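Chemist: Please find the sequence and the predicted model below.
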Amino acid sequence: MTPIVRIRPFRTGDAPALRAVFHASVHGLACHCYTPEQRGAWAPSEHDAAQWAARMQANQPFVAETDGGAIAGFADLQPGGYIDMFFVAPAFARQGVGHALMAHIHAQAAQQGLARLWADVSLAAEPFFAARGFAVETRQAVERAGVVLHNARMGKAL
């Protein structure tokens, strides 16, 4: 059964749950595209909780919450149309959570009068973004903790 999801603003205190979603998503949903070493560099088990909380406070992500109160995913929309983070918990993958988050981003972009959305998208998320009208603009190699990961800069005119 598909969960009922509502999108709400970030609240103080959400950061630990969002970190858990991020970690689970990288290690659970990106495992077919990235090696264990790459996933460990991208989303290490050990992390600076204060630094993560500060990043979430700065990004002000949208939080997808089920009617049961579980956090199913999160995403943000930065000034200029940049989507910095977009993650769905593995338990809620392919159940409409990503679609709901992306629809919310598009609605916010329309309210803000943005002409374009863009993101640095993992290989695992690339098909999802492509299915929603984003196109690869460039292939990238980024370094995290001395490990190279490949992704794509994808964009979409609105």
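Modeler: Perfect, thanks for sending it.

Chemist: can you give me the strands in this protein?
Modeler: Under the criterion DSSP state E, the chain contains strands at 5-9, 62-66, 71-75, 82-83, 86-88, 116-122, 135-144, 147-157.

Chemist: what lines up beside the fourth one in the sheet?
Modeler: According to DSSP bridges, strand 82-83 has the following sheet partners: strand 116-122 (parallel).

Chemist: How about the longest one?
Modeler: According to DSSP bridges, the neighbouring strands of strand 147-157, each with its direction, are strand 116-122 (antiparallel), strand 135-144 (antiparallel).

Chemist: Off-centre distance for the longest one?
Modeler: Remark: strand 135-144 is offset 16 Å from the chain centroid, using Cα atoms, centre = their mean, to the nearest Å.

Chemist: Likewise for stretch 87-97?
Modeler: For stretch 87-97, the distance to the chain centre is 11 Å (Cα atoms, centre = their mean).

Chemist: Do me a favour and average the pLDDT over that stretch.
Modeler: For stretch 87-97, mean pLDDT rounds to 96.

Chemist: Go through that stretch and flag the buried ones.
Modeler: Residues of stretch 87-97 classed as buried: 87-90, 92, 95-97 (neighbour count, 16 or more other Cβ atoms under 10 Å). (Glycine included, C-beta is placed from N, CA and C.)

Chemist: cool, stretch 72-81 as well?
Modeler: Quick answer for stretch 72-81 (16+ other Cβ under 10 Å): 72-77, 81.

Chemist: repeat for stretch 25-40
Modeler: Neighbour counts using 16+ other Cβ under 10 Å place 25-27, 29-30, 33-34, 38-40 of stretch 25-40 among the buried residues.

Chemist: Which of these fall in helices?
Modeler: Per DSSP state H, helices hold the following members of the buried residues of stretch 25-40: 25-27, 29, 38-40.

Chemist: which intervals of this protein have sub-threshold pLDDT?
Modeler: 1-2 (pLDDT under 70).

Chemist: try it again with 50
Modeler: The chain contains no residues with pLDDT under 50.

Chemist: Relative to residue 34, how far out is residue 140?
Modeler: 14 Å (Cβ to Cβ, to the nearest Å).
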